[in-house]
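# Have a look at this fold, sequence not included:
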C-alpha cells in the first residue's frame, strides 16, 4: 500500500461524532480552542483529548470570556478563532462575544452543545433554537444532527467565517449525534485565492487621486496581513498621503509616522474630524465607515454621492450609507499589494495638507495640565517608552480608553485590539487570549473598574494557561461614560452610576499574581517594571480622580456647559 493510500485509510476510519468534530478542527488548521466545559459536549471533549498535541484546549471561567479570547485569536491571526460552550445558559453567556465578532468583522466559529435532537420542541432542559437565537448576530447558524455531515458542515462553517466580510458562525452539535459512529473522510480548507481588484479599478482610483488636492487615506477592517499592511504603508508614504484609522483600528498604521493623522472614532480630535470633512477624496480601505468612524454619519451627507473610494471585501458593505465615487470589491491585502505595485511614488501637491493634519495630531497628544497628583496622559507617554516593540494592547469600552488612544502611539510591529461594538468586559479575556496565541509577546490590557469586574475573574485562566499579561485598571469608582452622558443631560442628578470596588491589587495577589497601586504620575513606570519583572500575571490599579471624567473635561465643566 502506498503512503497516500495509507493516509486515505487513516482519515476514513470509523469514528464517533465527537472524534470527527475534533478531527474537523485539526483539518481546518485550528491550534487553539477556548471553552467552558459542559455535559452537552462530553464526546467532543473526549475527541479533543485525542488531538491534544495539535489543538490546545484552553479552559476558561465564563463563556463570554472564552469567546472574547477566541475573538482575539481570530483578530490576531486572521484565522477563525474557536470557542466551545454548552447549551442554554452557556450559549446565552457567549452571545456577547458573537456580537463583538460580528460588528468587528472577526472570523469566529462558536460550537454550542445541544440537546438530544429526539427531544426537540419539548421545552426540555436548556433547550434553545439556536438558528432563531443567533441569526441576527452571526453570519450563519447551523445545527449538526447527522454525524456523517460533520466534515461537510464544519468546513462550510470555517469557509463562511473567513470569506467576504469575516464574521462569526455558530454550529450547534446535538448530544447523541456525537456518539454516533460513522466512516467519512475529513475535509480541509478550500484552496481559495484572494479576490483581486477588477482590472480597471486601480487606474480609476489613481485618476481620482491625481485630481485631488486634499486626500485622506482611512484604514479599517480586519484580516490584514503583515505584507498587506506594509504595502499600504509604502503606498501612503510614496504618495505622501495623510493616514487616519477607523475606530479601534490603531494597529493598522504606525502612530509615530509623519503621515499618521490620528484615529476616527469615540473621542477623536475635533480638528481631525473637521479636516476629514474638508477632504476632496477619502480612500477608505477596509473601513465600513460605520457610526463611530463617521462620527454619527456626519462626515458626509448620507445617501448622497460623496468624495469616497471605498475598498471592501464584501460588496454589500460598499455604499451602505455613503454613496462612493468608486467602490472596489477586493481582498484588502491583494488590493494593497496591487496598488503599491501599480503606483510608484511621484511628487504630489498636497504636502502642506499632510503636514497640517500631522501637526494637528501632534498638538492633540501634548499632555495638558490636570489637577491632582496623577497626570495620566504624561504617565502613559512615559510608559510607552518602556514597552517592547511588539507589544499587544487590548482595551475595554469606556471613557478611560480614550486616554491611551489619544496619548499613546501604537507602532508598526504592535497590535491593538478593542471592541468596536463597545462591549465592556472585553479587555481582560482578549488580552489573555492574545497572550496564549503569542506566548513570546508582552500583552498590556487597559480596562476600567466597571469592565474589570465583569470578566476580571478570567485572570484565573492566565494562571492556568501559564501566560503573564499585565492588566492596567483605571479606577474612578463609577461607570464613567454613562456618568458623563448623565451630567450632560441631567447635570448634578447622579443616579445609578456610582460603584463600590475592591482593592484590585489584592484581588490578583489572591491568585498568586503581582499587584500594584498607582496614584501619582511618576509611579506608573516603576510599577510596570516591577510587574513585568515579576514573571507573573500582574495588575496595576491606577487610582483616578472621579472629577476628571474625560481627558478633555471635568464633571464641573460638563455640568456648567449643560446648565448653560
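Yep, that arrived. Worth saying up front: this structure is predicted, and the values here are computed from it rather than measured.
# isn't there a helix covering residue 308?
No - going by DSSP: H, G, I helix; E, B strand; the rest coil, the assignment for residue 308 is strand, not a helix.
# Please, where are all the strands along the stretch 151-300 of the chain?
Taking DSSP state E, counting those that start in this stretch as the test, the strands found in the stretch 151-300 of the chain are 168-174, 181-182, 215-219, 243-245, 260-263, 281-285.
# and those as JSON lines, adding mean pLDDT, mean neighbour count and distance to residue 472?
All C-beta spots, glycine's among them, are computed from the backbone N, C-alpha and C. Shown next, in JSON lines, are the strands of the stretch 151-300 of the chain (pLDDT from 0 to 100; neighbours: other CB atoms under 10 Å; distance: least, CB to CB, whole Å):
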{"stretch": "strand 168-174", "mean pLDDT": "97", "mean neighbour count": "28", "distance to residue 472": "28"}
{"stretch": "strand 181-182", "mean pLDDT": "96", "mean neighbour count": "14", "distance to residue 472": "50"}
{"stretch": "strand 215-219", "mean pLDDT": "98", "mean neighbour count": "26", "distance to residue 472": "26"}
{"stretch": "strand 243-245", "mean pLDDT": "97", "mean neighbour count": "27", "distance to residue 472": "22"}
{"stretch": "strand 260-263", "mean pLDDT": "96", "mean neighbour count": "26", "distance to residue 472": "19"}
{"stretch": "strand 281-285", "mean pLDDT": "97", "mean neighbour count": "26", "distance to residue 472": "31"}
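# quick one, which of those strands is nearest to residue 489?
strand 260-263 (26.2 Å; CB to CB).
# Residues touching the closest one, excluding its own?
Strand 260-263 has contacts (CB atoms under 8 Å, 6 or more residues apart in numbering) with 216, 242-250, 253-254, 268-269, 272, 275, 357-358, 360-361, 364, 405, 409.
# and what of stretch 343-354?
202, 206, 212-215, 235, 237-242, 259.
# and if we set it to 6 Å?
Here stretch 343-354 makes contact (CB atoms under 6 Å, 6 or more residues apart in numbering) with 206, 213-214, 238-240, 242.
# Start and end of that stretch, how far apart?
Start and end residues of stretch 343-354 are separated by 19 Å (CA to CA, to the nearest Å).
# Do you have the strands of the stretch 1-150 of the chain handy? List them.
15-16, 32-35, 56-59, 81-85, 108-114, 140-144.
# Distance from the chain centre to the fourth one, please.
A distance of 16 Å separates the centroid of the chain from that of strand 81-85, by CA atoms, centre = their mean, to the nearest Å.
# One more: the last one?
For strand 140-144, the gap between its own C-alpha mean and the chain's C-alpha mean amounts to 24 Å (CA atoms, centre = their mean).
# That one pairs with which strands, and in what direction?
strand 168-174 (parallel) (DSSP bridges).
# how about the strands of the stretch 1-150 of the chain in CSV, adding mean neighbour count and distance to residue 515?
Shown next, in CSV, are the strands of the stretch 1-150 of the chain (neighbours: other CB atoms under 10 Å; distance: least, CB to CB, whole Å):
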stretch, mean neighbour count, distance to residue 515
strand 15-16, 20, 46
strand 32-35, 25, 25
strand 56-59, 18, 24
strand 81-85, 31, 29
strand 108-114, 28, 32
strand 140-144, 20, 42
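# Now mean pLDDT and distance to residue 436 too, for these, in JSON lines please.
Compiled in JSON lines, the strands of the stretch 1-150 of the chain are given as follows (pLDDT from 0 to 100; distance: least, CB to CB, whole Å):
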{"stretch": "strand 15-16", "mean pLDDT": "96", "distance to residue 436": "28"}
{"stretch": "strand 32-35", "mean pLDDT": "98", "distance to residue 436": "6"}
{"stretch": "strand 56-59", "mean pLDDT": "98", "distance to residue 436": "6"}
{"stretch": "strand 81-85", "mean pLDDT": "98", "distance to residue 436": "11"}
{"stretch": "strand 108-114", "mean pLDDT": "97", "distance to residue 436": "16"}
{"stretch": "strand 140-144", "mean pLDDT": "97", "distance to residue 436": "26"}
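# Quick one: closest of those strands to residue 491.
strand 108-114 (41.5 Å).
# Show me what that closest one is packed up against.
helix 63-77, strand 81-85, strand 168-174 (3 or more CB pairs under 6 Å, 6 or more residues apart in numbering; DSSP states H and E).
# Run a quick neighbour tally on residue 49.
Neighbour count of residue 49, defined by other CB atoms under 10 Å: 12.
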